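Asks: Here is a sequence with its predicted model. Questions after.
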Amino acid sequence: MNYSLFHPSAIIQGEIKLPRSKSLSNRALIIKALNADSFNIENLSQANDTVLLENALKIKDGEINVDDAGTAFRFLTSYLSVTEGQFILTGSQRMKQRPIGDLVDALRKLGAKIKYLENENKPPLKIIGATIEGGEVKIKGSTSSQFISSLLMIAPKLKKGLRLIIEDDLVSKPYIEMTLEMLAYFGIKHSWKNNVIEIKKQEIQAQNINIESDWSAVGFWLEMVSLSKEGSIKLKGLQENSWQGDRETPSFFKRLGVNTYFEGDYLIANKEGKKSKTDSTINLVDLPDLSLSLICSYAFDKKKAKFTGLQTLKNKESDRLRSLRTELEKCGVTCKTNDSSLIIDGFKNQANAIRFKTYKDHRIAMSLAPFALQNRIVIEDVDVVKKSYPKFWQDLQTVGFIINEEAHSNS
């Protein structure tokens with residue numbers, strides 16, 4: 001399905017109840033599945049990734065297909081390794097292109113029985129689950145924080161616990177901190193000194209948990225406020241002292257004239273600040289999920305900038321740097337990219353109506369949508385947002401976007 005979008009006034013105002021965090025939800029589901037005593041997860045995310053993981057955890061033997069849910073695949077790789085049974089873990093064609101070798105190597109060294117069924121270092125996997133020894137293992141910190149989080153969550157179940165040595169520069173550190181915060185909530189103690197994280201074998205302490213709204217969705221709304229003629233948005237369900245690393249999102253939008261403050265569990269965002277007039281260099285190595293909305297905010301506002309620390313984006317739902325550069329060029333934005341950075345270096349005249357592809361990538365779709373504040377656009381394959389934010393298009397309509405299904409749309 002394709003949508004045509006525009007906003008008649010470019011004035012954004014309203015109250016939005018953000019979706020629940022799939023990052024927190026997915027971690028809570030894995031910890032619950034590892035726990036001998038049940039507990040309640042309140043306000044579990046309805047994102048497709050979380051639904052796929054929840055359903056996968058009900059399968060006791062045989063094939064598990066998580067489609068394009070990368071977090072689910074990575075978390076399940078470790079979880080199934082310590083769960084009695086024989087499993088085939090697979091996914092979409094894109095999933096079969098995404099590397100999993102570093103995680104598999106680490107798990108094998110800890111005692112797991114895992115076999116590649118098609119291509120080396122790529123899904124699908126055959127996993128024979130059993131109690132495994134654990135102990136010391138090394139893993140690259142520059143590939144994916146989800147590999148590290150996946151190992152940390154099974155650490156309390158390992159006979160010898162886990163002594164994890166992180167090599168190379170660490171990416172997405174706040175996501176690892178989030179995993180450790182949640183483990184601590186369930187009574188799991190750890191130590192983290194320099195590049196070594198240790199968790200001994202110990203029992204998870206069951207207690208109910210309430211899932212906070214998703215900070216990774218905040219960037220799309222601050223992008224809209226920054227690009228509006230006038231903008232004021234109330235985002236519900238967030239915590240100022242959140243476990244989520246993306247709580248730092250508002251600080252990046254101050255340069256774009258967006259001021260924020262908390263009022264209870266609302267984050268209030270207003271377009272009222274002064275914009276930075278100088279070119280910016282922004283390192284997003286800790287917050288890759290923020291990158292697309294922030295890059296598009298600068299690009300659509302015709303502000304030159306350099307974004308670094310983006311080395312993990314090539315292995316996401318799409319090759320995000322390549323995908324985004326292609327779509328921004330349709331808007332007259334010229335970019336240079338390499339494996340870890342994107343530079344916005346110029347602007348040309350843009351077309352009157354622009355058609356965006358989404359590359360089966362939810363964040364590509366949501367970061368491009370705010371351009372409808374400036375121009376009529378068409379966004380293809382709009383259902384991709386169900387991966388993390390199922391009500392995204394409805395929420396856009398509540399703040400004045402006009403959205404229509406494209407006639408004869410068949411994608």
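Replies: Yep, that arrived.

Asks: List the contacts of the closest residue to residue 15 other than its chain neighbours.
Replies: Leaving aside its sequence neighbours, residue 15 sits nearest to residue 234 (C-beta to C-beta, 6 or more residues apart in numbering; 4.3 Å). Every C-beta, even on glycine, is put in place using the N, C-alpha and C of the backbone. By C-beta atoms under 8 Å, 6 or more residues apart in numbering, residue 234 lies in contact with 14, 15, 16, 263, 266, 267, 268, 269.

Asks: Surely the second one is in a strand?
Replies: Yes. With DSSP: H, G, I helix; E, B strand; the rest coil as the criterion, residue 15 is assigned to a strand.

Asks: Out of the helices and strands in this structure, which is least certain?
Replies: Least confident helix or strand, the chain: strand 266-275 with a mean of 88, by mean pLDDT, DSSP states H and E.

Asks: need the next SSE after that one, C-terminal direction.
Replies: Using DSSP states H and E, the next helix or strand after strand 266-275 towards the C-terminus is strand 280-283.

Asks: Off-centre distance for stretch 190-197?
Replies: 24 Å (C-alpha atoms, centre = their mean, to the nearest Å).

Asks: could I get it in CSV with only the CA atoms?
Replies: The C-alpha trace of stretch 190-197 is given here as CSV (Å, rounded to 0.1, in the frame of the first residue of the first chain):
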residue,chain,number,x,y,z
HIS,A,190,27.1,-7.5,37.3
SER,A,191,30.5,-5.7,37.2
TRP,A,192,31.8,-3.7,34.3
LYS,A,193,35.4,-2.6,34.5
ASN,A,194,37.1,-1.2,31.5
ASN,A,195,36.2,-3.5,28.6
VAL,A,196,35.1,-6.5,30.7
ILE,A,197,31.6,-7.3,31.9
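
Asks: any idea of the mean pLDDT for it?
Replies: Computed over stretch 190-197, the mean pLDDT rounds to 96.

Asks: Give me the spatial nearest neighbour of the residue most central in space within the chain, chain neighbours excluded.
Replies: Residue closest to the average C-alpha location in the chain (C-alpha atoms, centre = their mean): residue 289, at 5.1 Å. Of all residues not flanking residue 289 in the chain, residue 216 sits nearest, at 4.5 Å (C-beta to C-beta, 6+ apart).

Asks: Could you do residue 124 as well?
Replies: Closest to residue 124 by C-beta to C-beta, 6+ apart is residue 90, at 3.6 Å.

Asks: what sits against the one you found?
Replies: 63, 64, 65, 66, 96, 117, 123, 124, 125.

Asks: one step back: from what I can see the residue nearest to the centre of the chain touches residue 217, true?
Replies: No. Contact criterion C-beta atoms under 8 Å: residue 289 and residue 217 do not qualify, at 9.3 Å.

Asks: Now the phi/psi pair for residue 205, please.
Replies: phi -100, psi 110 (degrees, to the nearest 10).

Asks: Can you tell me how far the closest residue to it other than its chain neighbours is from residue 31?
Replies: Nearest residue to residue 205 in three dimensions, chain neighbours excluded: residue 187, at 3.3 Å (C-beta to C-beta, 6+ apart). Here the criterion is C-beta to C-beta, to the nearest Å. By it, residue 187 lies 11 Å from residue 31.

Asks: Looking at those two, which has the bigger crowd around it?
Replies: residue 31 (24 against 13; other C-beta atoms under 10 Å).

Asks: Quick check: which element contains the more buried one?
Replies: Per DSSP H and E: helix 22-34 holds residue 31.

Asks: And residue 219, how close does it get to residue 382?
Replies: Distance from residue 219 to residue 382, by C-beta to C-beta: 19 Å.

Asks: Of those two, which one has the most company?
Replies: residue 219 (26 against 22).

Asks: hmm, who's touching the helix or strand hosting that one?
Replies: Using DSSP H and E, the element containing residue 219 is helix 218-227. With contact meaning C-beta under 8 Å, 6+ apart, helix 218-227 is reached by 10, 12, 16, 18, 231-233, 235, 238, 246, 249-250, 253, 256-258, 260, 267, 269-271, 289-290, 292-294, 296-297, 300-301, 366-367, 369-371, 373-374, 392, 399.

Asks: what about the strands in the stretch 251-400 of the chain?
Replies: Secondary structure of the stretch 251-400 of the chain (DSSP state E, counting those that start in this stretch): strands at 256-263, 266-275, 280-283, 305-308, 333-337, 342-347, 353-356, 376-379.

Asks: Would you map out the domains in the protein?
Replies: 3-19+213-405, 22-210 (automatic domain parsing).

Asks: Number of residues surrounding the closest residue to residue 222 other than its chain neighbours?
Replies: Once flanking residues are discounted, residue 222 sits nearest to residue 253: 4.4 Å by C-beta to C-beta, 6+ apart. By the criterion of other C-beta under 10 Å, residue 253 has 25 neighbours.
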